[in-house]
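Trainee: Have a look at this fold, sequence not included:
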Ligand SMILES: [Zn+2]
């Protein structure tokens, strides 16, 4: 059975077939950068990271693009409240996002386009839509005419004639300009004091939905294999992306649409008003990032997950089990014929079961069950070796199982990478502490620079010590820049 993926568009699981053999073009809707990311973001981007890693494990080359929305009403409002330029605000939260995701071991995207970097492509796309009579300009705004796209509603299952606009019947100025209540803005005329760009319709800025259509087309082409996002994006965002892209290109935008479920906090929907809004930062103060990953992976990506103390406890216990399995390495000197080289092949039975689970629409809890079994076997063998100095299982089998555990942990992003033989020979940790990633190092250096600017030298020294302890040498340049290398 090939990989099966649930497609929101067709409402069923389908065998995955890429447009081009061996290649996957994948687009993920990213964050609007005006505040810190929360647990819902952590779940979403961990899930898409797993999809990407698993496709790579199954020998696909994956091109992974994820945007940053760096201009919108919330960004403008926040920058006015904080009295800082919007560019400074978005720069700060883009860095914060990259740092949070680095800590959660989410691989960086191949490209992170920003809305403000694709204004020419956005203007081109809007012009095409106007030529096709799918969009119209009114008083400096441009709207998409939903009635001109006959399959509008196909992703969310809504039908225009059954949809109702605001119940009050009261319409504001913007509503009054639209031909149909569900027409949406492609371009918005600038209000005084707002960031603005030139366009054939006057100074203004793009609406939210159009950027993704323009970015997909620019970076991945007219058609892609997988388009993903949180389930709250199905309508209107993804419905509108389909309407924009498919009207302009007359081709299907994405073959597979994937959406992940919500995170609930102790049974309630997470929201700012309920004050149960957990940022990734505050969560990582008390919880190991890999425990957060395990918490996410224990559930199927389409189901809601409930963030409770028990669920985190469960993930912590799972993490301990995996770590104990890896610590089997501490006893291998007692085994005859142990080699630090990886085996020619992994444990076939474990790999087959892991793949079977993951091929079923990324059943990560089924995949994890295989990892836990391997870890428990290795823990038992480790105890035998430590108490009796020997085990009855052949070294070759144990060697294969230990490496299989490592490689499958890498597929699920629970380890950074397979350890090098030299790392094993030096007796360095075989566990999960395989050093900081480049993104993490850059983020720590940035924090240290911020601390120095704020004359918080205790903090800047602490950050330098942390980097040094991780084998990183820093060279402060006269220009104020810091260069680094690994020892
Ligand atoms: Zn999008």
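Mentor: Now that the structure is in, tell me what you want to look at. It should be emphasised that the depicted structure is a prediction, and the values quoted were computed from it without experimental measurement.

Trainee: can you give me the strands in the stretch 1-150 of the chain?
Mentor: Using DSSP state E, counting those that start in this stretch, the strands of the stretch 1-150 of the chain run over 4-7, 12-15, 23-28, 61-66, 135-138, 141-144.

Trainee: need the contact list for whichever residue of the stretch 1-150 of the chain sits closest to the ion.
Mentor: Nearest to the ion in the stretch 1-150 of the chain, going by CB to the ion, is residue 29, at a distance of 3.3 Å. The way it works is simple: take the backbone N, C-alpha and C, and place the C-beta from them, glycine included. Residue 29 makes contact with 66-67, 212, 228-230, 233, 237-238, according to CB atoms under 8 Å, 6 or more residues apart in numbering.

Trainee: So which bits of the longest helix along the chain are buried?
Mentor: The residue-count maximum for a helix in the chain (DSSP state H) belongs to helix 364-388. Applying a neighbour-count criterion of 16 or more other CB atoms under 10 Å, one finds 364, 366-368, 370-371, 373-375, 377-379, 381-382, 384-385 buried in helix 364-388.

Trainee: contacting residues for residue 100?
Mentor: By CB under 8 Å, 6+ apart, the residues touching residue 100 are 36-37, 41-42, 280-281, 284.

Trainee: Buried among those? Need that as a selection in ChimeraX.
Mentor: Those of these that count as buried under 16+ other CB under 10 Å are selected in ChimeraX with:
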select :36,37,41,42,280,284
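
Trainee: okay, the contacts of residue 100 in TSV with distance to residue 152 and pLDDT next?
Mentor: Converted to TSV, the contacts of residue 100 look like this (distance: CB to CB, whole Å; pLDDT from 0 to 100):
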residue	distance to residue 152	pLDDT
36	35	93
37	31	94
41	28	95
42	32	96
280	35	95
281	39	93
284	41	93
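
Trainee: Please flag which of the contacts of residue 100 sit within helices.
Mentor: In this view, the contacts of residue 100 that belong to helices under DSSP H are 41-42, 280-281, 284.

Trainee: picking up where we left off before, from the contacts of residue 29, which is closest to residue 249?
Mentor: Proximity of the contacts of residue 29 to residue 249 (CB to CB) peaks at residue 212, which lies at 13.8 Å.

Trainee: I'd assumed residue 67 was in contact with the closest one.
Mentor: Yes. Using CB atoms under 8 Å, residue 212 is in contact with residue 67, at 6.2 Å.

Trainee: Can you tell me the SS state at residue 236?
Mentor: Judged by DSSP: H, G, I helix; E, B strand; the rest coil, the three-state class of residue 236 is helix.

Trainee: how about it, what does it touch?
Mentor: 156, 182, 184, 209.

Trainee: Tell me which of residue 212 and residue 67 has more neighbours.
Mentor: Comparing residue 212 with residue 67 by other CB atoms under 10 Å, the one with more neighbours is residue 212, at 29 against 25.

Trainee: I'd like to know how far the more buried one sits from residue 227.
Mentor: Per CB to CB, to the nearest Å, residue 212 is found 9 Å from residue 227.

Trainee: overlap in contacts of the two?
Mentor: Joint contacts of residue 212 and residue 227 (CB under 8 Å, 6+ apart) are 27, 241.

Trainee: Near the ion, which residues of the stretch 251-400 of the chain? Just list them.
Mentor: Contact residues, the stretch 251-400 of the chain versus the ion (CB under 5 Å from the ion): none.

Trainee: quick one: low-confidence ranges for the stretch 251-400 of the chain?
Mentor: 271-275 (pLDDT under 70).

Trainee: same thing but at 90, please
Mentor: Regions of the stretch 251-400 of the chain meeting the criterion pLDDT under 90 cover residues 265-278.

Trainee: residues in contact with the residue in the stretch 301-450 of the chain positioned nearest to the ion?
Mentor: Residue of the stretch 301-450 of the chain nearest the ion, by CB to the ion: residue 301 (18.0 Å). Listed by CB under 8 Å, 6+ apart, the contact set of residue 301 reads 47, 50, 258, 260-261, 362, 364.

Trainee: So which of these belong to helices?
Mentor: 47, 50, 364.

Trainee: Report the secondary structure element holding the residue in the stretch 151-300 of the chain positioned nearest to the ion.
Mentor: At 3.2 Å from the ion, residue 212 is the closest residue in the stretch 151-300 of the chain, using CB to the ion. Taking DSSP states H and E as the definition, residue 212 sits inside helix 210-219.

Trainee: Return the list of helices and strands in contact with that helix.
Mentor: strand 23-28, strand 61-66, helix 119-131, helix 239-249 (3 or more CB pairs under 8 Å, 6 or more residues apart in numbering; DSSP states H and E).

Trainee: Of all the residues in the third one, which ones are buried?
Mentor: In terms of neighbour count (16+ other CB under 10 Å), helix 119-131 has its buried residues at 119, 121-123, 125-127, 129-130.

Trainee: Could you check the angle that helix makes with helix 210-219?
Mentor: 110 degrees (axes from the mean of the first three to the mean of the last three CA atoms, to 10 degrees).

Trainee: so what's the residue of the stretch 151-300 of the chain closest to the ion up against?
Mentor: 27, 29, 67, 237, 241 are the contacts of residue 212 under CB under 8 Å, 6+ apart.
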